[in-house]
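**Q** how does the following fold in three dimensions:
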Amino acid sequence: YFFNGVFDELLALGTRPLEGALVESSSLITLCVLLLSSVLILVAAIDVPYQLWQHSTKLKMTRQEVRDEMKETEGRPEVKGRIRSLRQEIAKRRMMRDVKTADVVVRNPTHFAVALKYEQGDVYAPRVVAKGRDLVALAIIEAAEECGVTVLSAPPLARALYATTELGHEIPQKLYIAVAQVLAYVYQLRSAQPWEKASVIEPKDIPVPPELLDDMK
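**A** I've put the predicted structure just below:
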């Protein structure tokens with residue numbers, strides 16, 4: 001209705017003097033622009049929030065679908081096995097890096113290998129920084145030899161350490177005496193001059209509590 005009235009006004013301008021018609025037409029055009037702008041602003045005020053809400057809803061649905069798909073994928077046995085293998089591989093690589101920080105690797109002779117670290121003056125007991133059996137044991141021994149870490153063959157102790165101590169944990173109290181003998185040997189080697197190292201006696205028949213040996217049978 002409003003635009004019909006404006007159209008009539010524009011037609012009537014043709015019958016008016018030129019100067020007055022120009023002023024009147026300018027006012028009408030300005031009014032039309034303002035009204036059209038107001039309508040566009042009103043439409044935008046309604047449409048933009050709706051579009052944002054619609055986009056947010058779709059995005060939430062997409063994220064939920066991704067999460068659902070990930071859960072479904074991770075639940076498959078073959079995927080679980082692959083994830084487990086990757087975690088084990090990452091842990092093994094980290095463990096191999098820790099071998100070079102060890103004081104000694106106790107072996108049996110190729111089936112088990114346990115790397116021990118002890119900070120002198122520390123209130124904590126020696127702890128296991130790497131452990132493994134079979135191929136992993138061989139890899140630990142090889143890494144230790146490459147880094148110059150002492151490798152000692154003590155089958156009963158190696159098996160007892162492997163069976164009783166988790167990676168990153170302190171050795172059990174029952175193995176304190178046995179491990180103390182090993183560390184004493186290591187420290188003697190370190191303090192000896194190159195020509196004296198051959199005379200440092202390697203510990204034999206390291207005592208391991210019988211109950212720990214029985215647990216491994």
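
**Q** and residue 137, that's in a helix?
**A** Yes. The assignment for residue 137 is a helix, going by DSSP: H, G, I helix; E, B strand; the rest coil.

**Q** burial count for the nearest residue to it once chain neighbours are set aside?
**A** Excluding the flanking residues, the one nearest residue 137 by Cβ to Cβ, 6 or more residues apart in numbering is residue 113, at 3.7 Å. For the C-beta atoms, the positions are set from N, CA and C on the backbone; glycine is no exception. When counting by other Cβ atoms under 10 Å, one arrives at 29 neighbours for residue 113.

**Q** can I see the domain layout of this protein?
**A** 2-69, 82-215 (automatic domain parsing).

**Q** give me the beta-bridge partners of the residue nearest to residue 137?
**A** residue 107, residue 132 (DSSP bridges).

**Q** got the confidence number for it?
**A** You'll see residue 113 listed with a pLDDT of 94.

**Q** swap in residue 75?
**A** So, for residue 75, pLDDT stands at 61.

**Q** next: residue 119.
**A** Listed pLDDT for residue 119 reads 82.

**Q** surely it is in a helix?
**A** No. Counting by three-state DSSP, residue 119 is not part of a helix but coil.

**Q** hang on, the earlier thing: which of the domains of the chain has the lowest mean pLDDT?
**A** domain 2-69 - the lowest mean pLDDT of those, at a mean of 63.

**Q** which stretches in this structure count as helices?
**A** 2-12, 18-74, 77-99, 135-147, 155-164, 176-191, 210-215 (DSSP state H).

**Q** was I right about residue 186 contacting residue 105?
**A** No. Under the criterion of Cβ atoms under 8 Å, residue 186 is not in contact with residue 105, lying 10.2 Å apart.

**Q** what residues are shared contacts of these two?
**A** 150, 152 (Cβ atoms under 8 Å, 6 or more residues apart in numbering).

**Q** neighbour-wise, which of these two wins?
**A** Set residue 186 next to residue 105 and count neighbours by other Cβ under 10 Å: residue 105 wins out with 26 against 19.
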